[in-house]
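Chemist: Got a sequence here, can you model it:
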Amino acid sequence: MIRLPYLLPLLLLAGGCHRQQTLAPADRVKQSRPPSPPTLRLDDVAQPTRYALKLRVVPTDDAFSGTIDIEIQLKKELTTLWLNGSDLTVRDVAMKWGGAAVVTHAIEGGKDFIGFGFDRPVGPGSASLHIDFTGKVSSRDSRGLFRQQEGDSWYVISHFETHHARLAFPCFDEPSFKVPWQLTLEVKKEDLAFSNTPVIGQKDAPGGFKMVEFAETKPLPSYLVALGVGPFDVVEARQAGKNRTPVRIITPKRKASEADYAAQVSPIILELLEAYFGIPYPYEKLDFLSIPLPTDFGAMENAGLVTVSQTLLIAKPQDQSIQSGTWSPRLGGTMSGSTKRSRPGSPPRSSTNGSPIGTTTPRR
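Modeler: Numbering: from 1, shown residues only. Model prediction:
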């Protein structure tokens, strides 16, 4: 039989051990609470230095998939990294820092952000983030990637101004982040694919697809990245400007004959704008892509791939005298926007329809 004087210390010791293993309710909440996303803008703890983006786009589908590899410079040690992302589903993610893989998981960030949590601190220094994701192609508005049907043909076109690149891929979706982009599009063999730069490679892929690889861009903000996919026709205009820039008009299927006027005047206007600004056109090519149906913007001066409402770009031959009154100044506006951006410190502009930033219709 154990006497009471010996039993009492044992009971006190057991109680102390129990208190050391139990967290107070407030502590339990603190440990389980996920990191909070930014309230408006990304912080300055990380800087992208390069993107490699691959997208699989089928115009008849209302969804797309892709991967993005982001090279990042981390300014300090962190355990959570926030990027912009809207209506995207992360399927897989991998982080490398210091030459080693870091266990990473995605974190919900509300409407505009996606977080990535690490099992150990990373940074400062160089890191790389690989994200496998899916997203939605809109049929109701012209933000992010949107699709349109004309006749029996479907087209997908991008519109990322002012802050809608985050609907198409996770990224640092603010205009201050200007870095090179390398795009690859996986599309149906019968479709054509266009982006900011010339095609540098193409190969067949399983299931009736092809991989179209584009040259790396000059440093660009995310809202100037652009693409178009579908059964387009291409009209070659003459080379123009100090660098003999190739100029093309890209029209919906069976409408190449309506691009004659645009093909004639586009090189002329490019040369006039070069003379006005006193600098060469800054990109490797100049494509004008006709958007089949009306949108809430008239045109967007993406680098190397200007997207323009069909009613402003092409016209039937009998209507071209009328078209000339509206097309020339509109082309001048889109070209001047592209040329201005080559000057250091140029601020981002609003759309060429004069709409203030942030006036697009909410996506349903």
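Chemist: contacts and neighbour counts: CA atoms only from here.
Modeler: Noted.
Chemist: Let me know whether my guess that residue 311 is in a strand holds.
Modeler: No: counting by DSSP: H, G, I helix; E, B strand; the rest coil, residue 311 is located in no strand; its state is helix.
Chemist: Quick check on residue 270: phi, psi?
Modeler: In terms of degrees, to the nearest 10, the main-chain angles of residue 270 are phi -60, psi -40.
Chemist: Please look at residue 221 and residue 179 and confirm they touch.
Modeler: Yes: using CA atoms under 8 Å, residue 221 makes contact with residue 179 at a distance of 6.7 Å.
Chemist: Which one of those two is surrounded by more residues?
Modeler: residue 221 (19 against 16; other CA atoms under 10 Å).
Chemist: Can you get me a residue count around residue 308?
Modeler: 26.
Chemist: Pairing partners for the helix or strand hosting it, with directions?
Modeler: In this assignment (DSSP states H and E), residue 308 forms part of strand 305-309. Partners of strand 305-309 in the sheet, by DSSP bridges, are strand 286-291 (parallel), strand 299-300 (antiparallel).
Chemist: out of those strands, nearest to residue 239?
Modeler: Among the strands paired with strand 305-309, strand 286-291 comes nearest to residue 239, with 9.5 Å by CA to CA.
Chemist: Would you mind pulling the contact partners of that closest one?
Modeler: 157, 228, 245-252, 304-310, 313-314 (CA atoms under 8 Å, 6 or more residues apart in numbering).
Chemist: Tell me where the model's unsure across the stretch 51-200 of the chain.
Modeler: Across the stretch 51-200 of the chain, no stretch falls below the confidence threshold (pLDDT under 70).
Chemist: can you map out the strands along it?
Modeler: Taking DSSP state E, counting those that start in this stretch as the test, the strands found in the stretch 51-200 of the chain are 63-74, 78-84, 89-97, 100-102, 104-108, 113-122, 125-136, 144-150, 153-159, 181-188, 192-195, 199-205.
Chemist: For the ones you listed, give me TSV that also has mean neighbour count.
Modeler: Below are the strands of the stretch 51-200 of the chain laid out as TSV (neighbours: other CA atoms under 10 Å):
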stretch	mean neighbour count
strand 63-74	20
strand 78-84	20
strand 89-97	18
strand 100-102	13
strand 104-108	18
strand 113-122	19
strand 125-136	19
strand 144-150	21
strand 153-159	23
strand 181-188	23
strand 192-195	24
strand 199-205	13
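Chemist: nearest residue to residue 221 other than its sequence neighbours?
Modeler: residue 178 (4.4 Å; CA to CA, 6 or more residues apart in numbering).
Chemist: any idea how far that neighbour is from residue 294?
Modeler: Going from residue 178 to residue 294 by CA to CA, to the nearest Å gives 30 Å.
Chemist: out of those two, which sits in the more crowded spot?
Modeler: It is residue 178, of residue 178 and residue 294, that has more neighbours when counted by other CA under 10 Å, with 20 against 13.
Chemist: show me what contacts that one?
Modeler: Shown in contact with residue 178 (CA under 8 Å, 6+ apart): 219-222.
Chemist: Go again with 7 Å.
Modeler: 219-221 (CA atoms under 7 Å, 6 or more residues apart in numbering).
Chemist: Of the residues you listed, just say which sits nearest to residue 162.
Modeler: Nearest to residue 162 out of the contacts of residue 178 is residue 221 (CA to CA; 10.4 Å).
Chemist: So that closest one is in contact with residue 172, correct?
Modeler: No: here residue 221 lies out of contact with residue 172, judged by CA atoms under 7 Å, at a distance of 8.8 Å.
Chemist: Compile the strands paired with strand 305-309 into JSON lines and extend it with columns for mean neighbour count, distance to residue 183 and mean pLDDT.
Modeler: As requested, these are exported to JSON lines (neighbours: other CA atoms under 10 Å; distance: least, CA to CA, whole Å; pLDDT from 0 to 100):
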{"stretch": "strand 286-291", "mean neighbour count": "26", "distance to residue 183": "16", "mean pLDDT": "96"}
{"stretch": "strand 299-300", "mean neighbour count": "26", "distance to residue 183": "19", "mean pLDDT": "90"}
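Chemist: so which of those comes closest to residue 204?
Modeler: For these, proximity to residue 204 was assessed by CA to CA; strand 286-291 is nearest, at 24.5 Å.
Chemist: Specify the angle between that closest one and strand 144-150 in degrees.
Modeler: Counting by axes from the mean of the first three to the mean of the last three CA atoms, to 10 degrees, strand 286-291 lies at 60 degrees to strand 144-150.
Chemist: so what are the domain limits for the chain?
Modeler: 50-112+126-226, 232-345 (automatic domain parsing).
Chemist: out of those domains, nearest to residue 42?
Modeler: Here domain 50-112+126-226 is closest among these (CA to CA), at 7.0 Å.
Chemist: List phi and psi for residue 88.
Modeler: phi -110, psi 150.
Chemist: Now do the contacts for the residue nearest in space to the middle of the chain.
Modeler: Nearest residue to the geometric centre of the chain (CA atoms, centre = their mean): residue 165, 3.5 Å. Each residue near residue 165 by CA under 7 Å, 6+ apart is listed here: 144, 173, 222-223.
Chemist: if we can go back for a sec, which among the contacts of strand 286-291 count as buried?
Modeler: For those, a burial check counting by 16 or more other CA atoms under 10 Å picks out 157, 228, 245-252, 304-310, 313-314.
Chemist: Save the contacts of residue 165 as a markdown table, and put in distance to residue 79 too.
Modeler: Converted to a markdown table, the contacts of residue 165 look like this (distance: CA to CA, whole Å):
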| residue | distance to residue 79 |
| --- | --- |
| 144 | 29 |
| 173 | 21 |
| 222 | 25 |
| 223 | 28 |
